[in-house]
Structures are given as structure tokens and as C-alpha cells.
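Asker: have a look at this prediction, sequence included:
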2 protein chains.
Amino acid sequence: MSEPATSEENEMEARLAYLDEALESGRMRRLKPMLHALHPAEIALLLESVPRAKREVVWSLVPEEDHGETLLHVNDEVRSELIEAMDHSVLLAATEGMPIDDLADFIEDLPDQVTREVLRSMDVQNRERLEAVMSYPSDSAGGLMNNDTITVRPDVTLDVVGRYLRQRGTLPEDTNTLFVVSRYGRYLGMLTLAKLVTLDPERDVSEVMDTDLEALTVDMPAAQVAKRFQDLDLISAPVVDPDGRLVGRITIDDVVDVIRDEAEHSIMTMAGLDEEEDVFAPIARSARRRAVWLGANLFTAFLAAQVVGLFEATLSQVVALAVLMPIVASMGGIGGSQTLTLMIRGLSLGQIGFSNARTLLVKELAVAVINGLLWGAVVGVIAEVWFGNAVLGLIIAVALVINQIGAAVAGVGIPLAMKKMNIDPALAGSVVLTTITDVIGFSAFLGLGTLFLLD
Amino acid sequence: MSEPATSEENEMEARLAYLDEALESGRMRRLKPMLHALHPAEIALLLESVPRAKREVVWSLVPEEDHGETLLHVNDEVRSELIEAMDHSVLLAATEGMPIDDLADFIEDLPDQVTREVLRSMDVQNRERLEAVMSYPSDSAGGLMNNDTITVRPDVTLDVVGRYLRQRGTLPEDTNTLFVVSRYGRYLGMLTLAKLVTLDPERDVSEVMDTDLEALTVDMPAAQVAKRFQDLDLISAPVVDPDGRLVGRITIDDVVDVIRDEAEHSIMTMAGLDEEEDVFAPIARSARRRAVWLGANLFTAFLAAQVVGLFEATLSQVVALAVLMPIVASMGGIGGSQTLTLMIRGLSLGQIGFSNARTLLVKELAVAVINGLLWGAVVGVIAEVWFGNAVLGLIIAVALVINQIGAAVAGVGIPLAMKKMNIDPALAGSVVLTTITDVIGFSAFLGLGTLFLLD
């Protein structure tokens, strides 16, 4: 998301070009070595970059052992498209070896028949684990967690723990910590592998375990889990049920996805888009989605036009007002967007709340007045020279100041009002804001024009 | 960044309100218990939420042992403000126990005299480590890495490694992996603690080490490091110099910060803001920064006004054109922003390159035509009814279609052109886009009006 072209970007560009050439020339076999050399996440990105019509061809060249992981990495729309075209047996094979938390996400997109087969092919323990994870919403700690934890008792020595692990032979992926639980399964603390390998083997687990990290509750929203991981620099954390019994663990790689998705969600939502949308979605589907956003905007644009319509008589006499009108609207929109963006980020970080919004409003108002006066003066002078009318120059300057002030109030007020109404400020904020700045700008500018410029 | 008010949000809101009340009533001592109970990341957020004038008072109540970590968590602007007001001895104390990678970031903000004292107070080994990290740009693998790695030789048994670790007694924070290096310090592979505790102690390190993860080079850009961690679901990775010698390790908690900062950078840049900006920055500083952005926009707004100016004669005869003008401009801007946002995200993910942009353009054009026709028809009918003029309705419908098409071309073309010129599309994209959609919209609408509506 930054400007310098890294070598990685060029590499991706080169891959796209190579792919494009192979697709054009029809020599698809040449893609095989490339696809074999790539990691599933890179294959996924490539699939998202291929126009829909050719995706299936590329997919047929992806090595079967990468199917599962690649499907986990593509966005929701591309995933369902690929799954739809796959044989049931191939789909079943793709689920093999998938970690429980990933499988729980994946299985929701499978045809019912395949889901049944997947469940039938699992052993009892894994099936129970899967069903446990699936019983929680996917955007909660329960949905993010993996339940293949290794637990130990507090009253054994590190030596006993060591012998137990050696007997097991392997640990679940990314296990850096063992969890200490009571006889009834209640979470008591964590024992890092680092402690296990450095401390005296004769010591008891209860003496050396870490107890300062509070466990996450299974119903904690994913956004809050992500915040906790970031604030405390966690690598993994235990998850407990309402009775304090250990039910699983969350590792940071799952949380990274949440953090990235949240950030993408904000950027896309502010433009009325969905972060899971396929870039090459079918035209009809894209058009339908965009239509809603354009329609909402049209409604607000008509409000602004109606305000202009009130001043028809003035406009027909002083055409200069019509010429300069877009400048007032544009400056108000830009100024307001800056305050709005600051608010949307501040609210999402928790930096800004109802109690300190007043102080922020005072600051934003001061900034608006300063910039309104500065650019109002510039625009005023230009307008005066352009149309040879000093009163017109003065009027547009005053309108600009008024509009900047209105933009600051709207920029602070709209997101707070939306938060109160439980509406995502990123979604509707900019449409409502520009409506308000347009209405204020046009009213002020054309209103003053009517008062002072008519013969 | 999502809508539902979580309990954590309410908690933050309650803290802000409590703080506000204490600041208002002057009973500051009441804050002490709260600040003692909070984690440094939470204190940092609270400090960012406090108006500048009162920040120093709150800071004086923060427990000294949390000073270092809290300073690491606040944004750049607040950090330099707090550092400026701190005694040198307190600053020196705050650096104690900081991990090398954090210290390397922090030290850049310290007064020279304190930096010298910090360096003097360190032992030779740590000073050399710090200087090594500081010699790399902070947005590279070298700047992100920590160089307190634990290395082992390939030709020893796991038992020997185990005894060595027990002798050490502790491991650096977040150590889950030991790095295997040759006699000359060349990186050979990784030995996870999980393997160390599960496998037969008589086996050699070389037999069981993981060699499939390619080491990161010390000059790799931070954005690429972040992508690698996400693609491969890494928890930690080795960093090597150009000769393949191990120089450090990067753990995922440092990468999470990069991912979050990148996402914030995009959102803030699109509004002409800086992600490190203090919400309560001094008014003069904020006003100066915003002035630049408003000025750039003003320049482009004048271009649009100039286009309108070409049609003064027409506007004075058909005032309805002036009334409906904002609708055409607004719809073009909204449609274009959607394509632009899709492109900015696609480029940053590597989903879109020059080779598949053509396909995307075709799709966006089709979407533009469909929505142009749909909303053009709606606007056309409304305009006809409003002003009782069928030709006017037809004209605005055609102008809307033309503007949607222009918006699609601009939305795809501008970010590609900017990428070619090494300009961040998020920074200048929307200003340039709305200029183009305004110019196209006004030209088409007023031009058609001149042709068909004048007497």
C-alpha cells in the first residue's frame, strides 16, 4: 500500500504477464512448473487476478496437494466459484489434513453431501472438535480457535511433562505453549516450551507456570481478540468457556487475518464496496451492487439540486454564481472528509468517544476557520479578477468560511450520531457528509448572492 | 472498524468519561488506581485521547515502570511531545529492559545527550547489537529484527542442545525456535522447541532441523516481510546478511504493527492525512497540513469551474442546467471512486497489474454503461417532470452515461499511470479522479445543453 515498487511487486507483475501470455497463446502446459513452485497463498492471489472465464483452466493446473490451502486463501466469491466446479471426491481430498479451525470455516461453503462425507471420514475425537468450533460464530474467539491443545496438570514436575511430550512424538502445529488445567479442566496457567527447556526438571509445573495472562472467553468478538493480541503482543492465548474450562487456543496467524480483513473492510466500505468481492465478479452482479450505492447517492444529490433550484431566479441573473458554485461544494466536501476520516479511525481505535469529542470539535472548528479564511481570501481574489466584481469575491470568501465550519461540525457529528444509531460510520458517513456540505455550501453562496448581487 | 458496540468499546468510553471528569474536577489522584491497572498499550491509547493541554498531567500519574512501553505504543507525534517534557534521568530509566529492536526505534527520538548515556550504560555486546540494528533502515527486515538469537550447530545431538539451554537458564522473549548455523555463522535451518521436546534426544540437530523456510535478507522492505509472514503463516523467521550469515530474527508481533500501519496509511492517505498525526495536534500545525490538501483541491476545482465558465451564455438562458449540474458531477465522482478503490486495493495486493488491467477495464466499462443507463433514465424522467422539458431529460441521461464511462476509464487509468510514475495512487488518486469526472460531466451536460436547448 506504499509507493516504491518492490522486487516482489515486479515479480507478481511478471507472473501475471507470463500467465496472460500463456492464456492468450493457449499453451497452458507452460504454467505447470510455475504453479508447482508457488506457495498456496501466491496461487490464490494469481487466481484472483485471472478473469473469470479462464480461472477454471488455471485451477485445473494447480497441484492437487495445494487445493485445500489455496481454497482457504482466495476470497469468498472466488472460493464458492471454484468449489462449485469441483468434483465431490476432489473436494473431500482437499479437506484432508486441514487444521480444525480452517476446516470449520471451509465446511460452510461445501455442498451438504460433501460435508456429510467429510464428517463421516473423521474419527470421533476430531469430529467432536470440529462440531465444537462450528457451534460458535466465526467472528468470535470460539470460531477463531483451534482446539487441539496440549494440557498438563499443575502438580507434576517438568521432567514428567518432558517425558509425556517425548512419548507423544509430535505437537500440534505452532505449539509454543502448554496449558495447565485443573482436574476439572479449568484453565490455571500457561507453561511455555521455553521454560520447559531451560528450567530445572525437578520443579513443579505450578511453580513456574505463567498466570498473569487472562484467558479469552469463547464468545469474545474477533475484533476484540485482535485488539488484545496487539495490545499485549501475544503469540497465542487460551480460550475458556463461561465456567473457566479450557476449550481451545488462538494463535496469532489467525488473528493477523482478522486485522487485515478489518482494515480492508474500512477502505472498501467507505467506497460502498465489499472486501470479499471478486475483482472480476460477473458484470450483472457488480452492476447490481454498485447500483444501490449510486442510487443512495442520487437521492442525496437531488437534495443538493433542490437547494440550487430555490435560487433559479438569482442564477439566471448572475451566471457567475453557477460557474463558481462547484468550487464551494468541492472545498466543503474535501475539508469535511478529512475530519470524517480522522473521526472514523479515532472511533475504531477507541481514541475518540463522546466525552472528548467536544475538545476535538473545538480544534477542528479552529482549523476550519483558519483554512476557510485563507482559501476564502484566495478564491475571493481570483473570483473578483475573473468576473470583475468585488462583492462576488467577498461573497464566495464568506461562503467558503461558512462551508468549512459546517464541514467540521458535520465531520465530527455524523460519525458520533451513526455510532449512537449502531450504523457503521465508514459505510454511510461520506454520502451523508457531502450532502450536508453541498446543502450548506449552495445555500450560503447562492443565498448571499441573492441578498447582495441582485439588481 | 465494524459496527457493533463491543463491551471493550464501552469500557474505553467509560475510561474516557472517568478521565474527563477527573480532569474537569481537578481530582487527578483518582486516576492513579486506574492507570496502575491498565496495560501500557491501553495507557498509550488513553494518552492519545487526552487533549494536549492535559496530557502532561496524566503522564505524570503513569507508573514509572510503564514509561518505556507506553512511549513505544503512542504515535510519533505524541511520543516526541512527551519525550520533550521528560527529565533525562527518567528517560534513561525508561529505556532499561527494552528489547533491542524496540530500543533502536525509540532511540531515534531521544535527545543526543540521552542517546549517549543510553549507549554508555549498555554492555559491549548489547551496544554492538543495537548499533547493528540501527545501521538498517527502520522499514527493512534489518530494522524490524531482533538480534538476540540462540544458535546451535548442526552436528550436535538434541541432548547437548537441551543441556546448553538449561545452563543458560532463560531464553530471549518469544523464542520458539533455535537457529542452526555453520561454523562460519551461515544460516542452515531452524530447530523448533516443539521438536526439541518431542524427538529422541540422541538424534543430531542436522537430522531434524527444518530447512524449507528461506531466510529473509536483511535489506528486504518491511512490506514484503509482512507479506511473506502472511502468505506462509509464519510466527518467526531468520534474517541473513548478503553472505547468508544469520544476523537476527523477526517475530510476528513486530510484523503485526507493520500490517496495521500499512492499512491505516491507506485510509489516512486517501484523505490527505498522516497516520502518525496526533488527533489533538496543535491547531497551527493541523491547519498548515490541511491547507496543502485544500489548496491542491482548489486548483482542480478551478479547472472544473473554468469548464463551466465556457458555457456562461448557455447557463444564463437555461438555468435548469445550473440546478442539475451538481447531480452529474456527483454521480461521476461516486462511480469513479468505486473503480479507483478497487484498483488501489488490487494494486497493493498485487491482484492487478498492467497485464490484466485491460480485462478489468472492459468489466468496469460494462458496469458503467449499465448503471449509467439505469440511473440516467431515472434522473432523466425526474428532470423532465421537474422542468417540463423532455429534451433536458434526455440530455442529462446521456451526460450521465458519458460521465460513468469516463469515470470507469479514469478509475482504472489514473492509478496505473501513477504507479508508472511512482506516485502513491492512494495519495493523489481521488483528487485527480474527481477533477476528471467533473470536467467530463460538466462538458458533456452543458455541451449537449448548448447544442440542443438554446433558442
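Answerer: On my side now, so go ahead.

Asker: identify the residue spatially nearest to residue A:328, adjacent ones excluded.
Answerer: By the measure of Cβ to Cβ, 6 or more residues apart in numbering or on different chains, the closest residue to residue A:328 outside its immediate chain neighbours is residue A:441, 4.2 Å from it. For every residue, glycine as well, the C-beta is placed using N, CA and C.

Asker: report the helix or strand with the lowest average pLDDT across chain A.
Answerer: helix A:7-25 (a mean of 77; mean pLDDT, DSSP states H and E).

Asker: mind giving me the packing neighbours of it?
Answerer: helix A:31-37, helix A:40-49, helix A:52-61, helix B:222-232 (3 or more Cβ pairs under 8 Å, 6 or more residues apart in numbering or on different chains; DSSP states H and E).

Asker: which residue does chain A bring closest to chain B?
Answerer: Nearest residue of chain A to chain B (Cβ to the nearest Cβ) works out as residue A:263 at 2.9 Å.

Asker: from residue B:45, how far out is that residue?
Answerer: 17 Å (Cβ to Cβ, to the nearest Å).

Asker: so which residues of the stretch 101-250 of chain A form helices?
Answerer: Along the stretch 101-250 of chain A, counting by DSSP state H, counting those that start in this stretch, helices occupy A:112-121, A:124-134, A:141-144, A:158-168, A:193-198, A:205-208, A:222-232.

Asker: now those as a markdown table including mean pLDDT and mean neighbour count?
Answerer: Output for the helices of the stretch 101-250 of chain A, formatted as a markdown table (pLDDT from 0 to 100; neighbours: other Cβ atoms under 10 Å in any protein chain shown):
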| stretch | mean pLDDT | mean neighbour count |
| --- | --- | --- |
| helix A:112-121 | 87 | 14 |
| helix A:124-134 | 85 | 15 |
| helix A:141-144 | 91 | 25 |
| helix A:158-168 | 94 | 16 |
| helix A:193-198 | 94 | 22 |
| helix A:205-208 | 95 | 16 |
| helix A:222-232 | 89 | 22 |
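
Asker: for those, give me JSON lines that also has distance to residue A:378.
Answerer: Shown next, in JSON lines, are the helices of the stretch 101-250 of chain A (distance: least, Cβ to Cβ, whole Å):
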{"stretch": "helix A:112-121", "distance to residue A:378": "65"}
{"stretch": "helix A:124-134", "distance to residue A:378": "60"}
{"stretch": "helix A:141-144", "distance to residue A:378": "53"}
{"stretch": "helix A:158-168", "distance to residue A:378": "72"}
{"stretch": "helix A:193-198", "distance to residue A:378": "62"}
{"stretch": "helix A:205-208", "distance to residue A:378": "69"}
{"stretch": "helix A:222-232", "distance to residue A:378": "43"}
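
Asker: between those helices, which one is nearest to residue A:31?
Answerer: Of all these, helix A:112-121 sits nearest to residue A:31, with 27.3 Å by Cβ to Cβ.

Asker: one step back: out of the helices and strands packed on helix A:7-25, which is closest to residue B:202?
Answerer: Nearest of those (Cβ to Cβ): helix B:222-232, 31.1 Å.

Asker: relative to helix A:40-49, how tilted is that closest one?
Answerer: For helix B:222-232 against helix A:40-49, the angle by axes from the mean of the first three to the mean of the last three Cα atoms, to 10 degrees is 100 degrees.

Asker: helices and strands around helix B:222-232, which ones?
Answerer: Packing partners of helix B:222-232 (3+ Cβ pairs under 8 Å, 6+ apart): helix A:7-25, helix A:40-49, helix A:252-270, helix B:141-144, helix B:252-270.

Asker: neighbours of residue A:261, how many?
Answerer: Using other Cβ atoms under 10 Å in any protein chain shown, the number of residues around residue A:261 comes to 18.

Asker: what residues are up against the closest residue to it other than its chain neighbours?
Answerer: Excluding its sequence neighbours, the residue lying closest to residue A:261 (Cβ to Cβ, 6+ apart) is residue A:275, at 6.5 Å. Counting by Cβ atoms under 8 Å, 6 or more residues apart in numbering or on different chains, residue A:275 makes contact with A:75, A:261, A:264-265, A:267-269.

Asker: tell me how far the closest residue to residue A:135 other than its chain neighbours lies from residue A:249.
Answerer: Nearest residue to residue A:135, sequence neighbours excluded (Cβ to Cβ, 6+ apart): residue A:142, at 7.4 Å. Distance from residue A:142 to residue A:249, counting by Cβ to Cβ: 12 Å.

Asker: center of chain A - which residue?
Answerer: Centroid check for chain A by Cα atoms, centre = their mean gives residue A:262 as the closest residue, at 2.5 Å.

Asker: pretty sure that one sits against residue A:221.
Answerer: No: if you go by Cβ atoms under 8 Å, residue A:262 and residue A:221 don't touch, sitting 11.2 Å apart.

Asker: now residue A:435: which helix or strand?
Answerer: helix A:425-453 (DSSP states H and E).

Asker: give me the buried positions along that helix.
Answerer: Residues of helix A:425-453 classed as buried: A:425-450, A:453 (neighbour count, 16 or more other Cβ atoms under 10 Å in any protein chain shown).

Asker: do stretch A:316-326 as well
Answerer: A:316, A:318-326.

Asker: over to stretch A:380-396?
Answerer: By 16+ other Cβ under 10 Å, the buried positions in stretch A:380-396 come out as A:380, A:382-384, A:386-387, A:392-396.

Asker: now the angle from the helix holding residue A:435 to helix B:252-270?
Answerer: Using the same axes, to 10 degrees: helix A:425-453 against helix B:252-270 is 20 degrees.

Asker: tell me which strands and helices helix A:425-453 is in contact with?
Answerer: helix A:252-270, helix A:283-309, helix A:312-317, helix A:319-349, helix A:390-420, helix B:319-349.

Asker: centre of the chain to that helix, how far?
Answerer: Here helix A:425-453 is found 31 Å from its chain centre; the criterion is Cα atoms, centre = their mean, to the nearest Å.

Asker: per-residue confidence for the nearest residue to residue A:260 once chain neighbours are set aside?
Answerer: Distances taken as Cβ to Cβ, 6+ apart put residue B:259 closest to residue A:260, at 6.0 Å, once the chain neighbours are dropped. Note on residue B:259: pLDDT of 85.

Asker: just checking, residue B:259 touches residue A:258?
Answerer: No: using Cβ under 8 Å, residue B:259 is not in contact with residue A:258, being 10.8 Å away.

Asker: which of these two has more residues huddled nearby?
Answerer: For residue B:259 versus residue A:258, the count of surrounding residues by other Cβ under 10 Å is larger for residue B:259: 22 against 19.

Asker: ok, now which ones touch that one?
Answerer: Applying Cβ under 8 Å, 6+ apart, the residues contacting residue B:259 are A:256, A:259-260, A:263, B:226, B:230.
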